[in-house]
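[1] show me the folded form of this:
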Amino acid sequence: MMRSITRALRAVACKFRASNRGNVAMIYALALLPSLAAVGSAVDLTRAMVVKMRLGEALDAAGLAVGGTVGLSEAEMTAKAQKFFYANYPDEELGTVTALSVTAAGNNLVNVSGSARIDTAFMGLFGIYYLDVSVNVEVTRESKGLEIALVLDNTGSMAESGKMPALKSATNELIGILFGEQNTPSHLKMALVPFSQTVRVDTTMFLNNGWMDSTGNSSTARLNFANNRYAFQVWTTMSNKSWGGCMEARPNGYEETDDAPSAGTPDTRFVPYFEPDGPDSSAYSGYTTYVSDGTTGNQDTRLRRYQKYSGQNKTDPNKDCNLQKILPLTNNKLTVQQYVNGMVTTGNTHISLGASWGWRVLSPTAPYTEGVDYGDPEWTKAMVFMTDGVNTIPTNNTWHKSSYTAFNYLIRAQLGTTSGNAAELELDDRTELVCNRIKEQGIRVYTILLMENSSRSQNLMRNCATDPSLYFDSPTAAELTPVFQAIAQDLSNLRLSQ
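    Alright, predicted model coming up:
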């Protein structure tokens, strides 16, 4: 069609050039050529503008896709841009794409540029056979703030099958993706909560701020000592030994809340972890003992005798309290990395404790107040929650029915029962309760189950996640890093708005 029009125009021009019928024909010819050129050029330029508009729309889509994802290499950015660009600029569109490029300027700026060529229909009469059109799209990443708690299982089973080295490596990969090249970003804070059968805090911070039950008023403070004594009293009688920073669980439902510790409500304050010495009589087997009882009597009488600790230079009351301390929210990349690399394995598994303390480091209320208020539109709160097992109670055949944990001895019924199986199910219920409360506060929860295929654990961790798509299985330690990478990528995307 266009070729026939062009041939017709050329024919008309030739006739005018050959005409000898006088000045009128010559003037008409001279006037007609500029008019035809103007009309033809307008058609070609209109077509070029259509190409430019469609090219811009396709580049916008590509720019938003690339700009909304961080941590990609240049090749990965280009591949992603091409995918979105050609989805919006298929081959049958007017114009032929001649170039497409992506460049990133720092962490917050992405440039996507492209060009296309369109063959002219009329301008070829004047030696212009095509037009090149180019568009440049610049996407500025506006980062929302992100507060993230890494709640990581540090129990004894994490020493098996390369789990702990894999966890450290995967966590450092997540840190690297989120922090990027920034060592102290203004809109990123991260906390670390290692957990086992207890957690460990900074002793000075908790004592100086009045968060500990230093006077023994909590309803669980005096359970393991005779004559109404409590742990801090007993610590003072020992020789050069003191509380190591591990905690018992708060009683009467407060362990499953982020309520601030208060002297007016003693059960909200924290009771220090103190693993008692077991009876040393051969009549009572199954106990771990580290000092002489110095008395006769039954199992509990021997265990609760507080005088036996006087003058003792023993670290045993802090048994299983060699955990890495909880790290409150910080924007210091190096500090977080050092804490991760310092994690060790010890103790049994109380998943509910990890969830509770992960919540507390994100909460704006004491004992940790680094977090912004819930619902702050400029910040997102998230928790990455990893375990390799199920809630466990270390039962035994002693009168006390179990080893000591943050929920004391099983015989003390701090979980509402003296049955090991029932206590483990109660821990599951409490884990679910805490997870639901965390999610109600708008905290985004990712959960990971490492090398554990029991349906009980799978259901518990899947239900704890904000959405089933945020629950991850890692059948082997080697598969943990890709899981953490995927979570880091998702967290990065949450921070961006174009």
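
[2] pLDDT below threshold where in this structure?
    For the chain, the stretches flagged by pLDDT under 70 are 1-41, 67-72, 106-108, 140-143, 495-498.

[3] spatially central residue for it, please.
    residue 384 (4.6 Å; C-alpha atoms, centre = their mean).

[4] give me the secondary structure label for that one.
    Following DSSP: H, G, I helix; E, B strand; the rest coil, residue 384 is assigned to strand.

[5] residues contacting it?
    148, 149, 150, 151, 174, 446, 448, 484, 487 (C-beta atoms under 8 Å, 6 or more residues apart in numbering). From N, CA and C alone the C-beta is placed, and that goes for glycine too.

[6] can you tell me the helix or strand for residue 147?
    Following DSSP states H and E, one finds residue 147 within strand 145-153.

[7] now that strand: how far from the chain's centre is it?
    Offset of strand 145-153 from its chain centre (C-alpha atoms, centre = their mean, to the nearest Å): 5 Å.

[8] what is that strand packed up against?
    Applying 3 or more C-beta pairs under 8 Å, 6 or more residues apart in numbering; DSSP states H and E, we find strand 145-153 packed against helix 163-179, strand 188-195, helix 351-362, strand 379-387, helix 480-494.

[9] could you dump these into CSV with distance to residue 76 added?
    Shown next, in CSV, are those (distance: least, C-beta to C-beta, whole Å):
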stretch, distance to residue 76
helix 163-179, 13
strand 188-195, 22
helix 351-362, 31
strand 379-387, 23
helix 480-494, 11
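
[10] out of these, flag the one nearest residue 268.
    The closest of the helices and strands packed on strand 145-153 to residue 268 is helix 351-362. By C-beta to C-beta, the value is 11.8 Å.

[11] who are the packing partners of the closest one?
    When contacts are defined as 3+ C-beta pairs under 8 Å, 6+ apart, helix 351-362 packs onto strand 145-153, strand 188-195, strand 327-330, strand 379-387, helix 420-440.

[12] can I get those in CSV with distance to residue 336?
    Formatted as CSV, these follow (distance: least, C-beta to C-beta, whole Å):
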stretch, distance to residue 336
strand 145-153, 8
strand 188-195, 5
strand 327-330, 7
strand 379-387, 12
helix 420-440, 21
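
[13] any idea which of those gets closest to residue 318?
    Among those, the nearest to residue 318 by C-beta to C-beta is strand 188-195 (15.5 Å).

[14] mind listing the helices in the stretch 1-150 of the chain by residue range?
    2-18, 23-67, 74-88 (DSSP state H, counting those that start in this stretch).

[15] tell me the one of the contacts of residue 384 nearest residue 43?
    Nearest member of those to residue 43, counting by C-beta to C-beta, is residue 487, at 53.9 Å.

[16] which residues touch that closest one?
    174, 384, 446, 448, 472.

[17] from residue 255, how far off is it?
    27 Å (C-beta to C-beta, to the nearest Å).

[18] got the contact list for residue 86?
    By C-beta under 8 Å, 6+ apart, residue 86 lies in contact with residue 58.

[19] measure it to residue 328 for me?
    For residue 86, the distance to residue 328 - C-beta to C-beta - is 47 Å.

[20] is it true that residue 50 touches residue 116?
    No - using C-beta atoms under 8 Å, residue 50 is not in contact with residue 116, being 10.6 Å away.

[21] more neighbours, these two?
    Each of residue 50 and residue 116 has its neighbours counted (other C-beta atoms under 10 Å); residue 116 has more, 24 against 15.

[22] excluding chain neighbours, what is closest to that one?
    Leaving aside its sequence neighbours, residue 116 sits nearest to residue 95 (C-beta to C-beta, 6 or more residues apart in numbering; 4.0 Å).

[23] still on that earlier bit, what's the closest of the helices and strands packed on strand 145-153 to residue 418?
    Taking C-beta to C-beta, helix 351-362 is the member of these nearest to residue 418, at 18.4 Å.

[24] the closest one: how far from the chain's middle?
    14 Å.

[25] could you do stretch 179-186 as well?
    Per C-alpha atoms, centre = their mean, the displacement of stretch 179-186 from the mean C-alpha position of its chain is 16 Å.

[26] and that stretch, which residues are buried?
    Neighbour-count burial for stretch 179-186, counted by 16 or more other C-beta atoms under 10 Å, picks out 179, 180, 185.

[27] put the alpha carbons of it into CSV.
    What follows is stretch 179-186, C-alpha atoms only, in CSV (Å, rounded to 0.1, in the frame of the first residue of the first chain):
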residue,chain,number,x,y,z
PHE,A,179,22.6,-4.8,54.3
GLY,A,180,24.3,-4.8,50.9
GLU,A,181,27.3,-2.5,50.9
GLN,A,182,25.9,-0.4,53.8
ASN,A,183,27.5,-1.1,57.2
THR,A,184,25.0,1.1,59.2
PRO,A,185,21.9,1.8,57.1
SER,A,186,19.4,4.2,58.5
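
[28] check contacts around the residue nearest to residue 361 when sequence neighbours are not counted.
    Sequence neighbours aside, residue 191 is the residue nearest to residue 361 in space, at 4.0 Å (criterion: C-beta to C-beta, 6+ apart). Residues near residue 191 by C-beta under 8 Å, 6+ apart: 147-150, 326-330, 358, 361-362, 368, 370.

[29] please apply the same query to residue 52.
    Counting by C-beta under 8 Å, 6+ apart, residue 52 makes contact with 133, 135.

[30] ok, residue 369 - contacts?
    Residue 369 neighbours (C-beta under 8 Å, 6+ apart): none.

[31] dump the contacts of residue 384 to CSV, plus distance to residue 285.
    As requested, the contacts of residue 384 are exported to CSV (distance: C-beta to C-beta, whole Å):
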residue, distance to residue 285
148, 47
149, 42
150, 41
151, 37
174, 46
446, 44
448, 39
484, 44
487, 46
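
[32] from those residues, which is closest to residue 403?
    Nearest member of these to residue 403, counting by C-beta to C-beta, is residue 151, at 23.1 Å.

[33] ok, that closest one to residue 195 distance?
    Per C-beta to C-beta, residue 151 is found 7 Å from residue 195.

[34] what residues are shared contacts of the two?
    Here residue 151 and residue 195 have 354, 357 as joint contacts, going by C-beta under 8 Å, 6+ apart.

[35] burial check on the closest residue to residue 232 other than its chain neighbours, number of neighbours?
    Once flanking residues are discounted, residue 232 sits nearest to residue 214: 5.3 Å by C-beta to C-beta, 6+ apart. Using other C-beta under 10 Å, residue 214 has 20 neighbouring residues.
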